[in-house]
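> A predicted structure for the sequence below; I have some questions about it.
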Amino acid sequence: MMSPEIAAAVLVPVIAFAVRLAIARITAKRTKELTIKLSPDREETINVPVGATPADVANAVQQSMALEEQVYAALSAILHGANQIQIGAGLGPDFIVNVAGRRLAIEVKRDLGRLGRERLLKFSEGAPNTERLVVISPEPPPKALMDATQDLRNANRLQFVQLPGDKAVADVLRNALAIA
């Protein structure tokens, strides 16, 4: 028979390991939303795993900013110069562009998981006198978001554009925004 001290010495680490594993599984898919002030009139909202380290947060911000820079470069190329692009501020969209007489608000999101109808409406409010909000992301919008925004999409007030990894961003945006 095993003494209680030996049993405790063996069981405590096993139980601790099982608890850590259970917590890791529970929090693995959970994310938190962080809003980072970049300048007095600019901020970036990102989603990171609940257990994200400062390095994870910095990496997520860097990826988000790189995606925005990629979209900005593509817009500049297809609109023949940056003078057709206005950089958004505050809680508004990332860019406002003039395309063939239409004024479009553009929001670039790396992750659409926590994006909801209310946030999309705030982006639109931050860009008055725009025809529609175009949300650009490397991932498809979740079904719940598509369902919640069906009326906006039907009224042509909202458009989702997915950037596939195998195509040039400029080509995808040219087609999505109907730029000749």
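Yep, it's here.

> quick one: which helix or strand includes V97?
strand 95-99 (DSSP states H and E).

> helix or strand right after that strand?
strand 102-108.

> and the helix or strand just after that next one, what does it pack onto?
The helix or strand immediately downstream of strand 102-108 is helix 117-125, counting by DSSP H and E. Judged by 3 or more Cβ pairs under 8 Å, 6 or more residues apart in numbering; DSSP states H and E, helix 117-125 is in contact with strand 102-108, strand 132-137. Quick note: C-beta positions are derived from backbone N, CA and C, even for glycine.

> To D147, which of the ones you listed lies closest?
Closest approach to D147 among the helices and strands packed on helix 117-125 is made by strand 132-137 (15.2 Å; Cβ to Cβ).

> So for the residue nearest the centre of the chain, what's the pLDDT?
The centre of the chain sits closest to K109, judged by Cα atoms, centre = their mean, with a distance of 2.8 Å. Looking at K109, its pLDDT stands at 91.

> before we move on, what about the one 10 residues further on?
With respect to pLDDT, R119 scores 88.

> For Q159, see how far away it is.
R119 sits at a distance of 16 Å from Q159 (criterion: Cβ to Cβ, to the nearest Å).

> what do you get for K122?
K122 is 17 Å from Q159, by Cβ to Cβ.

> Then P141?
P141 is 10 Å from Q159, where distance means Cβ to Cβ.

> what sits in contact with each of those two?
Listed contacts common to P141 and Q159 are V135; contacts here mean Cβ atoms under 8 Å, 6 or more residues apart in numbering.
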